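**Student:** below: sequence and its predicted model.
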Amino acid sequence: MNRNIIISLAVSLFVVVCMFFACSGKGDEHIVEPVAKVSSKPNKIIYWNCNREFNDMNDTHLKAAKKIGINPLDSKEDVLEASKKLYMIGGPLRFGEPYVVDKLTHSSPFLVKEAVDLLHDIGQAFQDSLKNKHLAPYSILVSSVLRTDNDVKNLSKRNINASQRSVHCYGTTFDISYKRFVKHDDEGEDAKQVHLKAVLAEVLRDLKKQGRCYVKHEVKQACFHITAR
């Protein structure tokens, strides 16, 4: 009798344990994970502390710019002379492009090859990430590119960040707005600006970790200041 009772209890305990793990496994499928600062899931929107993540100072940008960039130019007329080392970006607006160049008033749409490749990869990765996160398609907006010495002098009258040691003078650096994005036609519901900035920040963080660039989060100019490495 005692032996039968022990066997019965053992079987009952085994069944209870099996049911516990089965239910636990099934329940995990319905758990909604909170947004974290680190996630390997491409469909999650991650909100970064951009001031902390992107704080590469001007001297760091400048060192990289001098290594792979051109010599600073005096005026826009000198851009043609340096065209062998520079590549023009932008052109006619076509929806679906990895990036769109804004109307430039104090810079010219030229970059060295390393910066062109970096910009294209940022734009493409941004669009791929939006798709993975089920957000409407957008292109990033480039707000500033190559500056000549004359551009810097004119801009410094209204923008204190436009110093004589501007990294933009080397063709290695560009700014991407984090407040303005270009939507592709009328596809999908409009995405919130905070979501688009978060996706762009995630892309830049990955490329920065790969050693592709330096990044500064510019609050007053509402842009990511990026230099190719």
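**Tutor:** Everything's here; your move.
**Student:** pull the number of nearby residues for residue 71.
**Tutor:** 11 (other CB atoms under 10 Å). (Each C-beta comes from the backbone N, C-alpha and C, glycine too.)
**Student:** how far away is it from residue 81?
**Tutor:** 10 Å (CB to CB, to the nearest Å).
**Student:** now do residue 118
**Tutor:** Counting by CB to CB, the gap from residue 118 to residue 81 is 24 Å.
**Student:** kindly report the same for residue 206.
**Tutor:** To residue 81, residue 206 is 36 Å away according to CB to CB.
**Student:** next: residue 219.
**Tutor:** Separation of residue 219 from residue 81 (CB to CB) stands at 36 Å.
**Student:** and for residue 52?
**Tutor:** Counting by CB to CB, the gap from residue 52 to residue 81 is 41 Å.
**Student:** mind giving me the packing neighbours of the helix or strand hosting residue 52?
**Tutor:** Using DSSP states H and E, the element containing residue 52 is helix 50-53. Identification of packing neighbours for helix 50-53 by 3 or more CB pairs under 8 Å, 6 or more residues apart in numbering; DSSP states H and E yields helix 193-209, strand 213-218.
**Student:** nearest to residue 76, of the ones you listed?
**Tutor:** strand 213-218 (23.7 Å; CB to CB).
**Student:** that closest one to helix 193-209, inter-axis angle?
**Tutor:** On the basis of axes from the mean of the first three to the mean of the last three CA atoms, to 10 degrees, strand 213-218 is oriented at 150 degrees to helix 193-209.
**Student:** what segments of the chain are strands?
**Tutor:** Here the chain has its strands, by DSSP state E, at 87-88, 99-101, 110-111, 138-144, 173-183, 213-218, 223-228.
**Student:** relative to the whole chain's centre, how far out is the last one?
**Tutor:** So the one you mean is strand 223-228. Computed by CA atoms, centre = their mean, to the nearest Å, the chain-centroid distance of strand 223-228 equals 9 Å.
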